[in-house]
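**Q** how would this look folded up:
(chains A and B)
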Amino acid sequence: MPIPVSVYLLFLAPTAALLVAFFLFRPLRPQWTHWPILASCAVVAAASMDLAAKTYTGWSMDAPLGVWMAAGSWEVYFGVRIDGLCAAVLAMVAVVGGLIHVYAAGYMREDPGFARFFLCFHLFFLSMIGMLVSNNFVQFYLFWEGVGLCSFLLIGFWTHKQSARSAALQAFVTNRVGDLAFLVAILILLKAYGDTRFEYVFGQMAYGGGPLLLLVGVLLFVAAASKSAQFPLYFWLPDAMEGPTPVSALMHAATMVTAGIFLLARSWPLIAFVPGLGTLIAAVGGVTAVFAGLLACGQTDLKRILAYSTVSHLGLMALALGLGRVGIAVLHLIMHGFFKAVLFLCAGNIAHGLGKSAADISEVGGLRKHMPFTLACFMAAAISLAGIWPAAGFFSKDGIIEACLEAGPGWAALALTAAALGAFYISRMLFLAFFGPSPEQKPGHPHEAPAGMSVPVGFLALGALLAGFLSPGIGRLLVKGAMSPEESLALAHFSWPVFAAGTSAAVIGFAAAWFLTIARPRFDWTWRREHPGLQALVASDFGWRHVVAFVVKTSWRFAEWVGGALDHRTWDGFLEWTSPAAVSLGGAVSLKSGRLSDYMWWIVMGTAALLAAALI
Amino acid sequence: MLTALWALPALGGVLCLFTKGETSKRFATTVAAAMLGYTVWLSCVPYAPEAGVWGLVESGPAWIFGIRYQLALDGLALSLVWLTAFLTVVSFAASWRGAESGGFSAGFWSSFLFLEAALMGVFLSRDLFVFYVFWEATLIPMFFIIGLWGSEGRRHAAMKFFLFTFFGSLFMLVGLLALVTHYHAVSGVWTWDMGELAGANPTGLAGLLMFVSLIIGFGVKIPLFPMHTWLPDAHTEAPAAGSIMLAGVMLKMGVYGFIRVLLPVFPRLSWDLLPWLGGLACVNILYGSLCAMQQRDLKRLIAYSSVAHLGFCVLGVLSWTPEGVAGGSLQMLNHGITTGALFMMIGFLYERTHRRGLSDFGDLVTRAPWMTFFFGWAVMASIGLPGLNGFVGEFMCLAGMARALPLMAMVAAIGIVLSAAYCLPAYQTVFWGASTAGSVSSKVLDLDLREKVLVWLLCGIMLYIGLCPTPLLDALAPSVASLVADGFMP
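**A** Prediction:
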């Protein structure tokens, strides 16, 4: 079967754009670096639409492209797999990612590192695309780490900021812990099956694997948890806000954090095969959703609120996925991509309007007069996030609540709490930033962003409002060429009890936010002033950050002890000591005659003794 | 044809001693470049497939005790010969600017040519006696390079290097003598031929003693824990070019010995002792990484990272699987290129500032963006980022070991977290961080054209091997197949 041109374009367009931008535009016209890259985004978006259309009509492919590594009969391939799951996520990533690129061109215009930014940014995008279309675990790992590298470069983009450097390092090293789990899982699969193509592995699984598969499943989940910021490995994500805002938007909506959920959706046949693993994933997801939702309510930095909100939503995705509703999890991934991108870009526009890289909720207020367009977009996305009909978020969140109601009251409680918290923190942000009283001393003059930064946000906001109506189509697309059983990919059916439960959770959150911000305008900051202990508790993520800091510090001390006390002083010190010791010993028993012939004798005698031993 | 590979640089080294100043620099570089050309040409010579693994063989008449001058070239030897020739050119290019300030006389340049000759001999020898002679011969030029042209603590480091490796070599000599005598006692034939001895497979206490003495001999070079402490000192004190050769090529001699001598001759023992040896390799990886974390000197840091990386090579080679042995062999090449590039760039920094402490720099990204870019590239290759060369080698080593002893592969894999934890903070401190009070960053000029070309070349190779290692793996395949097929398979 011939491979369609669109598949090649997915790789060739970004690669060509990166090369042209690096070798031609960066040295000659750095301020134009974004043009080839934006062109490539357009090509990728068109190609992914084409592939989605093809897949929708029943076409799918899984083919090797070439050998990567080989030795003897051992081989690892490059390959491409396009099926419904891939096509659906790919289309979202291409569209949302492309629009964020357009936004970034405006946002980063004044930055001296414009060219460097765009190159890293697009490499990030390319890595994500390559990951989505991989047909085996090793190639998936290649792009998975590529995503990690780009996040390191982009989070630490402003290299002069200490906080940015340490956030980048923290993100990369935490992700490497997940990578380690992923790598070990791949090694086990390779040992067990000799091949890591998804289709092959999932086919062979039925014939055996046993306890090793359990380990593989758990390791894959650990990998996903680090990339998709699940408790206890989520802490790098809120700190990753140190990067420029478009980076946060791309990371949270399209490229990075969705990778872990995608990995789990991809490996669903394997995970479903391991008894109890699904429940574990759902439990971790549910706890993450509530935990991060609570923390989001207490944050004051605009971007940090959104970051914790992402963690919470990733938890919801893991919750649905763990309960066996992969389709719903993927649908939420797609819808979340739209509304979270809008929210971040709006936060970016607010900060841009204030002339800063980040904004605190206490510095803004009453923006509705100055930034009506941003307000409209933000509201669309906030409604979507809260899961109010007919916005996009409703369709997926409704599905998650339905899945949880079916699974049991405990799960339902987790999902509904997370939903109520989501409605609360996003309305709080909305009210405080746009409706609340203006702070007395504003650090700048808030104004609407230029067209280049508003138009993409507008389109994304339309998506956040209307994408939900695509969900039946997405549901039909997901099952095309799927490896997972169809019932796991099925979306939810509308039902009044679920609608009532979900909407009332959202309304409760909304009302609480209204009561604590609009009705009592001073409450938010007086509360924080009067409860410094609670404030510190929130700042340390209920103490979890202290634990992480302790672990890091202890490991670092251990390394210092090994390298310094053990290796350098004790062992090397001993070896260095043998030299003067031998000299004085030789002097004492007068072996050290200084004559070469004497030494020769010792060598010969020693050799002879060893030879004799060898022959006997 | 093969003799020329070591005789020409040796001759060049002798002639170079009669030149002076600029001339010796130019002369030596010309010789090294010519050797590189010759190597490239050799790798294009079509091998007769029916000739088997050993594409090219040269042998002289038999001498006493079955000693016979024999050279042979196969894919494995070729890859290392190529590495030697390439890194010699690189190390010359890296000393080009500092020639005056470093006091590099004719002796400096000719030492490198002698070193190249001896290394070529090691990789080409098919006779263990000749192998040993060349092996010892590598010590002398390196001793002078460190001792005469190194930095402050050079004399101590050179002495330490010499004593450690000489100590190892004595064990190796005894092991080889015992092996040959043993073979004579068993078969009645005196021979030092690697191919013939490959069937020996001595076991029992005598076999164990020989095995252990060879392990010590090769292990000091690799260096295997706990015989590694010479390495940080030697790497740190050597001039940049010396570090490039030391880390890039000389460490590979030990692993090469494993593949060429230890495994073929002692298949039984090396399989039985795999848990111990593999454990040692794991210790190398973890311990080396932990030690690297707290280093405040760039060169020491990279030196300890070499300890960790060579652990992966050993692990792969010991696994007795095609992917493991191929991965180990490839990883030798990878490590040579990556570490060569890193030491070269540290050399560039040192030439400009005479510093190499982490805290001496900072904010180089604004002063020297190209250096930041390339150093980052090489660091990423070093920590095994997929898409660059380090990953392919490490992954194949781990995959091989996962087939032999899965648990050990899992322990070794922890190295990938540690590598990020020691490399990236150092990279950030030197290149990203804000420059501090004592910083010398302002003296750092960015790479000039000559340096840029060199680094592009090295980084291009890293990317090429990372994405398309198959041509190299194909070249290594016959050597790997001969070992894994001949050898004892679990």
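
**Q** partners of the longest strand along chain A in the sheet?
**A** Counting by DSSP state E, the longest strand found in chain A is strand A:61-71. In the sheet, strand A:61-71 lines up against strand A:74-82 (antiparallel) (DSSP bridges).

**Q** Can you spell out which helices and strands pack onto the following helix or strand past the partner strand?
**A** Counting by DSSP states H and E, the next helix or strand C-terminal to strand A:74-82 is helix A:84-107. Here helix A:84-107 touches helix A:34-56, helix A:114-132, helix A:245-249, helix A:258-266, helix A:326-354, helix A:451-466, helix A:471-478, going by 3 or more CB pairs under 8 Å, 6 or more residues apart in numbering or on different chains; DSSP states H and E. Glycine gets a C-beta too; all of them are placed from N, C-alpha and C.

**Q** chain center to the longest one, what's the gap?
**A** What it means is helix A:326-354. Its chain's C-alpha centre and that of helix A:326-354 lie 13 Å apart, by CA atoms, centre = their mean, to the nearest Å.

**Q** and it with helix A:451-466, angle?
**A** Helix A:326-354 and helix A:451-466 meet at an angle of 150 degrees, taking axes from the mean of the first three to the mean of the last three CA atoms, to 10 degrees as the criterion.

**Q** for the fourth one, same thing?
**A** Compare the direction of helix A:258-266 with that of helix A:451-466 by the same axes, to 10 degrees and you get 30 degrees.

**Q** picking that back up, of the helices and strands packed on helix A:84-107, which is nearest chain B?
**A** Among the helices and strands packed on helix A:84-107, helix A:114-132 comes nearest to chain B, with 8.3 Å by CB to the nearest CB.

**Q** Would you mark the buried spots in the very next helix or strand once past the closest one?
**A** Downstream of helix A:114-132, the first helix or strand assigned by DSSP H and E is helix A:137-155. Going by neighbour count (16 or more other CB atoms under 10 Å in any protein chain shown), the buried part of helix A:137-155 is A:137-155.

**Q** and the closest residue to chain A within the stretch 1-150 of chain B, how many neighbours?
**A** The minimum distance from the stretch 1-150 of chain B to chain A, using CB to the nearest CB, falls at B:Gly75 (12.0 Å). A count of nearby residues for B:Gly75, using other CB atoms under 10 Å in any protein chain shown, gives 25.

**Q** and it, what are its phi and psi?
**A** Recorded main-chain torsions at B:Gly75 are phi -60, psi -40, according to degrees, to the nearest 10.

**Q** near chain B, which of the buried residues of helix A:137-155 show up?
**A** Under the cut-off given by CB under 8 Å from any CB of the partner chain, chain B has A:Val138, A:Tyr141, A:Leu142, A:Glu145, A:Gly146, A:Leu149, A:Phe152 from the buried residues of helix A:137-155 close to it.

**Q** Chain B: which of those is nearest?
**A** Nearest to chain B among these is A:Leu142, at 4.0 Å by CB to the nearest CB.

**Q** which residue sits closest to the closest one in space, ignoring its chain neighbours?
**A** B:Pro386 (4.0 Å; CB to CB, 6 or more residues apart in numbering or on different chains).
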